[in-house]
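> I'd like to go over a predicted model; first the sequence, then the structure.
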Amino acid sequence: MTGLHVGVVGAGWAGIAAAVDLVRRGARVSLFDANRTAGGRARRIEYRGETLDNGQHLLLGAYRETLALMRAVGAPGSHLKRLPLEIRYPDGLGLAAPRLPAPLHLAAAIVLASGLTAGERFAAIRLGLGARRAEALALPGETVSALLERLDQPERVRRLVWEPLCVAALNTPGERADAAVFARVLRDALLQRREDSDFLVPATDLSAVLPDPALTWLGERGARLLLGRRVDTLAPDGPGWSVESPEGRERFDALVCATAPHEAGALLASVPGLSGLAARLAAIAHEPITTVYLQYAGRVRLPRPMMALEGSHAQWLFDREAFGGPRGLVAAVISASHAEGSLGQEVLGTQVHREVGRVAGPSRPPLDESHHREARHVFLRSRRFPARRRIGRARPAACRRLHRGPLSCHARGRRLERPSRRPTCPSFPDKPMIPTPLSIAYDAPADLLAGRVVLVTGAGRGLGRAVALACAASGATVALLGRNADRLTDTYDAIVAAGGHEPAAIPLDLATAGDREFDTLAQLVHRDLGRLDAIVHCAVHFKPLAPLADQSLEDWLASLRVNLAAPFALTRACVPFLAESPDGVAVFTSETHAIRPAAYWGAFAVAKSGLAPLAAIWADEAEKDGKPRFHVIVPGPVATPMRGQSHPGEARASLPTAETLARAYLRVLGPEGRMLGTGPLEIAT
């Protein structure tokens, strides 16, 4: 197979597996997918600024080939949390497999199961241990329900044990699921090795479990990763095949079609000799799975991290916090959700919220869009802060005016009243905004920022975390601002462990915060930390790259809000306090494609491009007082989580780290920054 050029259509888990196997056999591979994020039906998505999965999934320990593939591409095993087989209902009924050799673990689980009679236990053991016999006894076309009834399984055992397993494994109700296939699943999961029956629940987003490491592995070995490129037609081309996409036609020696059945049917329908196969694929019935995510303000305590439900819309509840997700996030899985498809999103969400309440106890309704608008709060949280450093019910005072004296009514008069430009705070020149190189060859003195207070947004990870750690190492007291409280806590702990001044942790979602929250935040940082000398904007909202035609108005508004409007609003709230500092400074983080636009960067590039004129305008308006300073830094390529999303196949090891680039930020924040000007500063690595 060495030298063979193979096209793989579909970058779901099956397509990724095919691509990896082909590369290992010496083939040259081009991987196509219409989506910018690989993973198919098991990938991450961005929703209202949050990273979620496009459905709650789990794996079984019996998925040996999948686990072997993960090891081959270097996927961390810690991304999956292994749980022994357990089915628990809220009323206490359920079973849990002890750590015994198979199939003794299954027999012990059923014998010790709560809520089953002796006869029901015996019947369940008879079927579980006789899965091989059941597979042989299954009639052609027989359903799971018919087989269970024919094998004399009691109604409660069918309803509470076998039906949930059938829906979870096959996403098909027992009255429609194939009996032979289900018996084969039972055999593979229950009768081979004890660990085969384990549930493997993702402890991170699904793309990080396999697709991201696999794409990195493929990219390092020369595979072409054509994400965001939709394949329109497939056609025989001599001894090979051709692929038609909006970008043109390409020829391959062979093709692998790894798409969903209905998509494969559409692609193969026009291929001579394959119309029959295409018709059979198109006729495969689709069984929808619905995942309802409920985000609560506080922790939701389910009796177990994974709970089964009976007589409810949802069959399974997952406490996402228990698997490394954000606090208060619950995922409710509704398999074979044809009936729920007729319910509106709000109605279904309300019904599932009630089902969660019956399991976890009464709680406030989950935070939806309207709740975010009506009840937003900013919490200044630090585990060792005294009580006075928490927000409580503080109200922000009115912000001071930047101009104290009366202003002329005429623009010409206002210009004449302006003093000459100060060399210590040069404003933006009257010429195109050409970036100035900014070197990272800078060794900051240990006391560079001693006695200063620096507010860093996006401090939970990536560049924001690196800047926060660098500022703390240079003597500053850092206020950490970010959306994810757990990540902020990690940064907080790292600063304290390194001997830095105790920081403040401020969980706040820039996508939903308004003037009131920003004013409150600025007032409290100034009040509780005593001053505010600098603000560094590193928070970012990034969606997978896509053509403008595929970007929605909602995508644009979200990007503009977090990447441009929020930095403006937060800086406006902080400017009065920055002006009180001997050397107040505001630093905005832009992006390479904001100064050099390129295809597919759309909303993100446009939002980031507004930061340079924003800083220039602010510097011009603050020229009368000569402070604070305003700067825009363009980091360039850097090994951060965002870079992994925009360039998934890139060799991250060749990129500068966020810690390296943080030196340039220290240079701007320190005394040398006074002479750098307001124009974009592009880091030269």
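Perfect, I can see it now. Just so you know, these numbers come straight off a predicted model, no measurement behind them.
> can you give me the strands for the stretch 401-550 of the chain?
Applying DSSP state E, counting those that start in this stretch to the stretch 401-550 of the chain gives strands spanning 436-439, 453-457, 477-482, 504-507, 534-537.
> Throw those into TSV and include mean pLDDT, mean neighbour count and distance to residue 266, thanks.
From N, CA and C alone the C-beta is placed, and that goes for glycine too. Formatted as TSV, these follow (pLDDT from 0 to 100; neighbours: other CB atoms under 10 Å; distance: least, CB to CB, whole Å):
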stretch	mean pLDDT	mean neighbour count	distance to residue 266
strand 436-439	81	14	51
strand 453-457	96	28	45
strand 477-482	94	28	43
strand 504-507	89	23	46
strand 534-537	96	28	45
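> Show me what the helix or strand harbouring residue 82 is packed up against.
For residue 82, the host element (DSSP states H and E) is strand 80-83. Using 3 or more CB pairs under 8 Å, 6 or more residues apart in numbering; DSSP states H and E, the elements in contact with strand 80-83 are strand 199-202.
> name the helices or strands packed onto the next helix-or-strand element following the strand it packs on?
Remark: after strand 199-202, the chain's next helix or strand is helix 206-209, criterion DSSP H and E. For helix 206-209, the packing partners by 3+ CB pairs under 8 Å, 6+ apart come out as strand 44-47.
> buried set for the strand it packs on?
Buried residues in strand 44-47, defined by neighbour count with 16 or more other CB atoms under 10 Å: 44, 45, 46.
> which neighbours does it have in its sheet, and in what orientation?
strand 50-53 (antiparallel) (DSSP bridges).
> Quick one: mean pLDDT for the partner strand?
Strand 50-53 shows a mean pLDDT of 83.
> any idea how far that strand is from the chain center?
From the chain centre to the centre of strand 50-53 is a distance of 4 Å (CA atoms, centre = their mean, to the nearest Å).
> residues in contact with it?
For strand 50-53, contacts defined as CB atoms under 8 Å, 6 or more residues apart in numbering pick out 42-46, 202, 205-206, 291, 293, 295, 326, 483.
> Any chance of the residues you listed in JSON lines with distance to residue 136 as columns?
Listed next are these as JSON lines, based on distance: CB to CB, whole Å:
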{"residue": "42", "distance to residue 136": "32"}
{"residue": "43", "distance to residue 136": "38"}
{"residue": "44", "distance to residue 136": "41"}
{"residue": "45", "distance to residue 136": "42"}
{"residue": "46", "distance to residue 136": "48"}
{"residue": "202", "distance to residue 136": "35"}
{"residue": "205", "distance to residue 136": "41"}
{"residue": "206", "distance to residue 136": "36"}
{"residue": "291", "distance to residue 136": "36"}
{"residue": "293", "distance to residue 136": "42"}
{"residue": "295", "distance to residue 136": "47"}
{"residue": "326", "distance to residue 136": "47"}
{"residue": "483", "distance to residue 136": "54"}
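> Tabulate those residues (JSON lines), appending pLDDT.
Putting the contacts of strand 50-53 into JSON lines (pLDDT from 0 to 100) gives the following:
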{"residue": "42", "pLDDT": "90"}
{"residue": "43", "pLDDT": "91"}
{"residue": "44", "pLDDT": "89"}
{"residue": "45", "pLDDT": "85"}
{"residue": "46", "pLDDT": "79"}
{"residue": "202", "pLDDT": "93"}
{"residue": "205", "pLDDT": "90"}
{"residue": "206", "pLDDT": "92"}
{"residue": "291", "pLDDT": "89"}
{"residue": "293", "pLDDT": "89"}
{"residue": "295", "pLDDT": "86"}
{"residue": "326", "pLDDT": "85"}
{"residue": "483", "pLDDT": "89"}
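> does residue 307 sit in a helix or strand, and which one?
strand 306-308.
> for that strand, packing partners?
strand 86-88, strand 316-319.
> Can you tell me which of those is most buried?
strand 316-319 (a mean of 24; mean count of other CB atoms under 10 Å).
> Tell me the strands beside that one, with direction?
Going by DSSP bridges, the partners of strand 316-319 are strand 306-308 (antiparallel), strand 329-335 (antiparallel).
> so which of the ones you listed gets nearest residue 31?
strand 329-335 (28.9 Å; CB to CB).
> And the next helix or strand past the closest one?
Assignment by DSSP H and E places the next element after strand 329-335 at helix 345-360.
> Give me the packing partners of that next one, helices and strands only.
strand 289-295, strand 316-319, strand 329-335.
> I'd like those as CSV, with distance to residue 666 appended.
What follows is those, written out as CSV (distance: least, CB to CB, whole Å):
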stretch, distance to residue 666
strand 289-295, 36
strand 316-319, 41
strand 329-335, 36
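> Each with direction, which strands does the strand holding residue 82 pair with?
Partners of strand 80-83 in its sheet, by DSSP bridges: strand 199-202 (antiparallel).
> Off-centre distance for the partner strand?
Computed by CA atoms, centre = their mean, the chain-centroid distance of strand 199-202 equals 18 Å.
> Equivalent analysis for stretch 122-136, please.
Using CA atoms, centre = their mean, the offset of stretch 122-136 from its chain centre is 41 Å.
> can you pull the contacts of residue 560?
603, 606, 607.
> Could you check which helix or strand contains residue 15?
Judged by DSSP H and E, residue 15 forms part of helix 13-24.
> Mind giving me the packing neighbours of that helix?
Checked by 3+ CB pairs under 8 Å, 6+ apart, helix 13-24 has strand 5-9, strand 28-33, helix 64-72, helix 211-220, strand 254-257 packed alongside it.
> of all the ones you listed, which lies closest to residue 316?
helix 64-72 (20.3 Å).
> Report all helices and strands that that closest one contacts.
helix 13-24, helix 211-220.
> quick one: buried residues of the first one?
Buried residues in helix 13-24, counting neighbours by 16+ other CB under 10 Å, are found at 13, 14, 15, 16, 17, 18, 19, 20, 22, 23.
> got the strands of the stretch 401-550 of the chain as CSV, with distance to residue 571 columns?
Below are those laid out as CSV (distance: least, CB to CB, whole Å):
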stretch, distance to residue 571
strand 436-439, 20
strand 453-457, 10
strand 477-482, 12
strand 504-507, 15
strand 534-537, 6
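> quick one, which of those is nearest to residue 85?
Short answer: strand 504-507, nearest of the strands of the stretch 401-550 of the chain by CB to CB, at 36.4 Å.
> Tell me where the stretch 501-650 of the chain is predicted with low confidence.
Applying pLDDT under 70 to the stretch 501-650 of the chain flags residues 624, 644-650.
> same thing but at 90, please
Applying pLDDT under 90 to the stretch 501-650 of the chain flags the ranges 505-509, 512-517, 519-521, 523-524, 526-528, 542-552, 554-555, 591-601, 619-627, 635-650.
> picking that back up, for residue 509, which of the helices and strands packed on helix 64-72 is the nearest?
helix 211-220 (24.4 Å).
> And the helices in the stretch 151-300 of the chain?
With DSSP state H, counting those that start in this stretch as the definition, the stretch 151-300 of the chain shows helices at residue ranges 155-157, 163-170, 179-190, 206-209, 211-220, 261-268, 275-282.
> Would you convert those helices into CSV that also reports distance to residue 496 and mean neighbour count?
Converted to CSV, the helices of the stretch 151-300 of the chain look like this (distance: least, CB to CB, whole Å; neighbours: other CB atoms under 10 Å):
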stretch, distance to residue 496, mean neighbour count
helix 155-157, 54, 16
helix 163-170, 43, 20
helix 179-190, 45, 21
helix 206-209, 28, 24
helix 211-220, 31, 23
helix 261-268, 52, 18
helix 275-282, 58, 14
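> With that, I have no additional questions.
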